[in-house]
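Student: just to be clear, the model below is a prediction. Sequence and coordinates:
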Amino acid sequence: MMEPTTIKALLLDIGGVLLTNGWDSASRKLAAEHFSIDLKELNDRHRIIFEAYESGKMTLDEYLNLLIFCRERDFSIAQFKDFMYGQSQPYPEMIALIKQLKQKYGLQIIAVNNEGRELNEYRVNQFDLKSIFDIFSSSCFVHTRKPDRDFYTLALDLAQVKKEEVIYVDDRPVFIQAAALLGIPGIQHNNVEMTKLAFAEYGLKV
């Protein structure tokens, strides 16, 4: 078990940890049903273009023009964006846990999430994520995505911490495994109680 003082920062995913996922397969299925869009075509086009959007190399309007508005629709791009934004909901218990750990141990909290700029900025403002995070090392800002090794090393560089001084929290095991290859310890988040117990093993107790 590590002493609490050895951990200086948390690298924290947002979707699936603090909030619901912003724009995942479930959200796309709901959008296809709501707007009567062919789901297979939607997902096929998404797979081709989403990396550019999440890496900050394409605006949301450009992404949606290629994804949805490549043909005439009976709804507007503004209506579709409102639907996208509406998929985001908070996980209050997890937010409270991170705030408690931050205050008690003086931790830096660094966002390490794959997300496009406009959706990311909406979620930051809508759920007051600036009160939690000190640094947003989000894919749309650093122009690389998980599981690229540069994504993780950039987050460490921006926070000016060593890999042994952080814990990385994500709900997706492949991203935890990618970070582990670089020597970054991680916790796979499934629920608040299990994550709280995992933090305690590192000496971070609330």
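Tutor: Cool, the structure landed. Numbering: from 1, shown residues only.
Student: quick check, pLDDT for residue 175.
Tutor: Reported pLDDT at residue 175 in the predicted model: 98.
Student: how many residues are close by the residue nearest to it when sequence neighbours are not counted?
Tutor: Nearest non-adjacent residue to residue 175, counting by CB to CB, 6 or more residues apart in numbering: residue 146, 4.9 Å away. For the C-beta atoms, the positions are set from N, CA and C on the backbone; glycine is no exception. When counting by other CB atoms under 10 Å, one arrives at 20 neighbours for residue 146.
Student: would you mind confirming that residue 146 is in contact with residue 115?
Tutor: No: counting by CB atoms under 8 Å, residue 146 does not reach residue 115; the two are 10.5 Å apart.
Student: what do the two both touch?
Tutor: Common neighbours of residue 146 and residue 115 are listed as residue 139 (criterion: CB atoms under 8 Å, 6 or more residues apart in numbering).
Student: what packs against the host helix or strand of residue 176?
Tutor: For residue 176, the host element (DSSP states H and E) is helix 173-180. Helix 173-180 sits against helix 149-159, strand 166-170, strand 186-188, with contacts defined as 3 or more CB pairs under 8 Å, 6 or more residues apart in numbering; DSSP states H and E.
Student: partner strands of the shortest one and their direction?
Tutor: The reference is to strand 186-188. Neighbouring strands of strand 186-188 in its sheet, by DSSP bridges, are strand 166-170 (parallel).
Student: neighbouring contacts of the strand it pairs with?
Tutor: With contact meaning CB under 8 Å, 6+ apart, strand 166-170 is reached by 7-13, 16-17, 112, 146, 152, 156, 159, 176, 179, 184-189, 195, 199, 202, 204.
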